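Visitor: sequence-free structure coming up:
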């Protein structure tokens, strides 16, 4: 599992509330990623990071922000959650040409 | 940009039969391909990869075939077992290798 953990694993929240998901890695990987996974879609990249305080947008970044203040943690924030952000969120790291994924966070926005 | 698609959203096979899962990609310059397996409630896990200088690569009970002419790759699972039931994705890195495009996945169900 490349030492990747995500928290929380499940969360139910209400529309308009802020939500922060945490990804933690133990192996000092430089690149970290946040994806969302929805039925009928492949994994879609939200944001990624290539180092501390270095981040960039992915394909579906609207409504999301990220922060990486230290190598091991990559935070995904929904400033004001909407029902369209109900999804399963995966964090990943890359090692060479491979990506290794965390166990996922199931987020439900009511 | 790249697009990656899988041919069938679902596939059912009898236990012991061989399974073939297909994937098409759009960028002829793509030079590396990965197959992932995702079990219910878990994150995707790496199965096997192949570089564009190869047509075939074999792992344990899995084989990936690459046809660069038609931009198609397939994952073959021999003697499919119930534990093979999962969603299978192909993925193609971008030219920088730092981002990936993922197919939508084929859900494989193994019938005992």
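Guide: Received, thanks. Because the structure is a prediction, the values reported are computed rather than measured.
Visitor: what about the strands in chain B?
Guide: B:4-6, B:10-14, B:19-25, B:32-38, B:45-51, B:56-58, B:62-67, B:72-77, B:86-93, B:100-102, B:106-111 (DSSP state E).
Visitor: cool, and chain A?
Guide: For chain A, the strands defined by DSSP E occupy A:4-7, A:10-13, A:19-25, A:32-37, A:44-51, A:54-57, A:64-70, A:73-78, A:87-95, A:98-101, A:105-109.
Visitor: contacts for the last one?
Guide: Which is strand A:105-109. Contacts with strand A:105-109, where a contact means Cβ atoms under 8 Å, 6 or more residues apart in numbering or on different chains, come from A:6-15, A:19, A:21, A:78, A:81-90. All C-beta atoms are positioned from the backbone trio N, CA, C, and that covers glycine.
Visitor: hmm, try it at 6 Å
Guide: The set of residues external to strand A:105-109 that reach it, using Cβ atoms under 6 Å, 6 or more residues apart in numbering or on different chains, is A:6, A:9-13, A:15, A:21, A:81, A:83, A:85-86, A:88-89.
Visitor: cool, and stretch A:65-77?
Guide: Against stretch A:65-77 from outside (Cβ under 6 Å, 6+ apart): A:20-25, A:28, A:32, A:34, A:47, A:49, A:52, A:55.
Visitor: turn these into a markdown table, including pLDDT, neighbour count and distance to residue B:34.
Guide: Output for the contacts of stretch A:65-77, formatted as a markdown table (pLDDT from 0 to 100; neighbours: other Cβ atoms under 10 Å in any protein chain shown; distance: Cβ to Cβ, whole Å):
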| residue | pLDDT | neighbour count | distance to residue B:34 |
| --- | --- | --- | --- |
| A:20 | 98 | 15 | 30 |
| A:21 | 98 | 21 | 25 |
| A:22 | 98 | 14 | 26 |
| A:23 | 98 | 26 | 20 |
| A:24 | 97 | 17 | 24 |
| A:25 | 96 | 21 | 19 |
| A:28 | 91 | 9 | 22 |
| A:32 | 95 | 26 | 18 |
| A:34 | 97 | 28 | 19 |
| A:47 | 96 | 23 | 21 |
| A:49 | 95 | 24 | 21 |
| A:52 | 95 | 14 | 27 |
| A:55 | 95 | 19 | 24 |
